[in-house]
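Colleague: Please work out how this folds:
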Amino acid sequence: MASLLNIGVTGLNAAQAGLVTTGHNISNAATPGFTRQSVVLGTQQPVFSGGGFFGQGTQVETVRRSYSAFLEGQVLSADTQRSQLSAYSEAIAQIDNLLADPEAGLSPALQSFFDGVQEVAANPSSIPARQSMISSANSLVSTFQYLDGRLSDIRDGVEAQIASTATEITAYAKEIADINHRIAVTESAGTSQQANDLRDQRDTLIRDLNQYTRVTTVTESDGSISVFMGSGQPLVIGTTASTLVAQSSKADPGRLEIALKTPGGGSVTMPESLLDGGRLGGLLAFRSGSLDSAQNQLGLIAAGVALTFNAQHRLGQDLDGALGGSFFGELSPSVLGIDGASSNVTVAYGDPAGLTGDDYLLTITGASSFTLTRRSDGSAVNAADVGLDITLGASVTPGERFLIQPTRRAAQDISVAIVDTRQVAVADPVQVAASNSNAGTAKISAVATTDVSGMDAVGVPDGKPDFSDIVLTYDASVPGFNISGAATVGPLAFDPATDSAGKDFTITGPGGFSFSFRLAGTPQAGDSFTFSTNDGGVSDNRNGVALGALQLDKTMLDGKASYQSVYSQLVTTVGTKAREVQIGEKAQTSLLEQATIARDSVSAVNLDEEAANLVRYQQAYQASAKVMSIANTLFDEILAISR
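Modeller: Next comes the predicted model:
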């Protein structure tokens, strides 16, 4: 009877374990990260007798988690990608809304400025028109600075999020290391059983950490889990957690870079390209892929406007007869020494058409030599080809490196240099007059100064053109025009038989000043034209027209784009990327839902199933109790026989 009673007791214990486990599942059905548990039963060691082996009941071997590492891995992979795209989408939406705003965007400010230029070109002597042009220029500058300021605010916000994310990652790493310790202690206590609830807590922490950065895990023999990020940098090794920090970049102090602290107190910088996935990966990808580009492209437009408008304005003449100065304030590329580099390096703008909005790395290779590489792809470039003029000073150290950002701060630094309306250079400093005795039909048109070097070379420099007259006289025997006066070109070949429809010429004077013009018609022998300074040319608008034409001229990106088209390309690029990220986030969210459903089908608590288990274990408990009741009845019968 004792054997039958023992069998009943084992059944009661097994049924009770099932009821406890089922109750635990039901009570934690809504607990985040909880994995369904189930009781694993096995038979007791049977007893041999003459008739064979007789069973001794059941025993609880373990309580097992319904866990699939493969399905959990799919969830982690989908979730870290979704988190990255979510952070990217949230950040780029700010730039998209800013640049595409029809009222706060750059397009209306550009249009308003050039409307002012056109008004001055139409009324070159009008002081109100000139004042309006300067006012619209100030509005354009304010728009550049406002947009750049907003992008800088977004940058500050991203940097702050990167720093806080690094702190969060470190905190999660420490918690995982702590639970690793608790699991190792618990599971090594001699029971050889898994600490299911602790493992659930650890898996939840890993899931949360995975939303900040993509991680990989390795399960160790003692039950602890080692966590790695990036290209295998250890974040958690057993019970030891590393510290992740966001520190100022040596190349750009205003930019944070991610590093792992070493036991010796130093740090190892982690390349951004390896930190993909999670919120950190999204922020870093946004900063390098969209924010840097947007701020550089905005600065490219600002630099293009300032440089090309100034260049044309200097070719003109103001109301007082002086040569034009800089309309916008002078700009210069940003140069930052890397690792304390202090060599004497001067970087200035060259041809603005060569500027692209890229950043460059300058490496000094000798006393008078250097290499220049584009940071985006590492390609070697020629400074002049990318719109830069680089000069090494007398004291340089080979091996030192500098980060050159030609356009990063241009939108922030742009300003209007002219305050006096009379200084707006609308006229051209060169005029032409035909001799009253000309008998032919030859005409000169489209006179435009192309260089003012040396134009103010006679007497005391006063900023006004004072070159000697240059006279063209037609010689039918050449045929062409002989030049008298200070000029550095010989006779101008012009054959009325072939050139009467029009032919373009350029004359260069002493000191390097030059001007171009178009000659057409049929001249007669002795016909002459005189080029002279444009004294009293207050109604001349030729340079004003040239300034207005810059609005549509393709002066940027190697002569392939205008100011507006570069801005339109920027808006389109940002909008397309924002849409691409949004679509990617939705797709990744769908994949995450599918992976979660697949995992939960194995691991999640199903209340209907647990309710059925309650009934099953209740019946098993009652049946085991019945076994014990029968054993008791049989024992009573035996006692009755003995009486």
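
Colleague: for I418, what are its contacts?
Modeller: By C-beta atoms under 8 Å, 6 or more residues apart in numbering, the contact set of I418 is I134, A137, G325, S326, F327, V424. Glycine gets a C-beta too; all of them are placed from N, C-alpha and C.

Colleague: Kindly recompute the last result at 10 Å.
Modeller: The neighbours of I418, taking C-beta atoms under 10 Å, 6 or more residues apart in numbering as the test, are 130, 133-134, 137, 313, 318, 324-329, 424-425.

Colleague: any idea which element the closest residue in space to E585 that isn't next to it in sequence lies in?
Modeller: Of all residues not flanking E585 in the chain, L85 sits nearest, at 4.0 Å (C-beta to C-beta, 6 or more residues apart in numbering). Per DSSP states H and E: L85 is located in helix 69-99.

Colleague: can I see the domain layout of the protein?
Modeller: 2-66+608-642, 72-290+561-595, 430-533 (automatic domain parsing).

Colleague: Help me confirm that T407 comes into contact with S334.
Modeller: Yes. Between T407 and S334 there is a contact at 8.6 Å, judged by C-beta atoms under 10 Å.

Colleague: So which of the two has more stuff around it?
Modeller: Neighbour count, other C-beta atoms under 10 Å: between T407 and S334, T407 has more, with 26 against 18.

Colleague: Excluding chain neighbours, what is closest to the more buried one?
Modeller: Leaving aside its chain neighbours, T407 sits nearest to G299 (3.4 Å; criterion: C-beta to C-beta, 6+ apart).

Colleague: number of nearby residues for that neighbour?
Modeller: G299 sits with 28 neighbouring residues when counted by other C-beta under 10 Å.

Colleague: Quick check, pLDDT for it.
Modeller: pLDDT, G299: 96.

Colleague: Doesn't it lie inside a strand?
Modeller: No. Looking at G299 with DSSP: H, G, I helix; E, B strand; the rest coil, it is helix, so not inside a strand.

Colleague: quick one: it from T217, how far?
Modeller: Noted for G299: a distance of 43 Å to T217, by C-beta to C-beta, to the nearest Å.

Colleague: Please report the number of neighbouring residues for G378.
Modeller: Neighbours of G378 under the rule other C-beta under 10 Å: 8.

Colleague: quick one: secondary structure of it?
Modeller: Following three-state DSSP, the label given to G378 is coil.

Colleague: Tell me how many other residues surround V63.
Modeller: By other C-beta under 10 Å, 18 other residues sit near V63.

Colleague: what does the one 4 residues further on give?
Modeller: Each residue near Y67 was counted by other C-beta under 10 Å, and the total is 18.

Colleague: And E609, by the same measure?
Modeller: By other C-beta under 10 Å, the residues close to E609 number 12.

Colleague: and it, what element?
Modeller: helix 607-642.

Colleague: Please identify the buried residues of that helix?
Modeller: E610, N613, Y617, A620, Y621, S624, V627, M628, A631 (16 or more other C-beta atoms under 10 Å).

Colleague: Check stretch 327-336 too.
Modeller: F327, F328, L331, P333, S334, V335, L336.

Colleague: Can you check what pLDDT the model gives the third one?
Modeller: As summarised for this prediction, L331 has a pLDDT of 95.

Colleague: how much space between it and G387?
Modeller: L331 is 12 Å from G387, by C-beta to C-beta.

Colleague: Likewise for D101?
Modeller: 29 Å.

Colleague: May I have the distance across stretch 235-255, first residue to last?
Modeller: One end of stretch 235-255 to the other measures 23 Å (C-alpha to C-alpha, to the nearest Å).

Colleague: Now do the helix holding E609: which elements does it pack against?
Modeller: When contacts are defined as 3 or more C-beta pairs under 10 Å, 6 or more residues apart in numbering; DSSP states H and E, helix 607-642 packs onto helix 2-27, strand 37-43.
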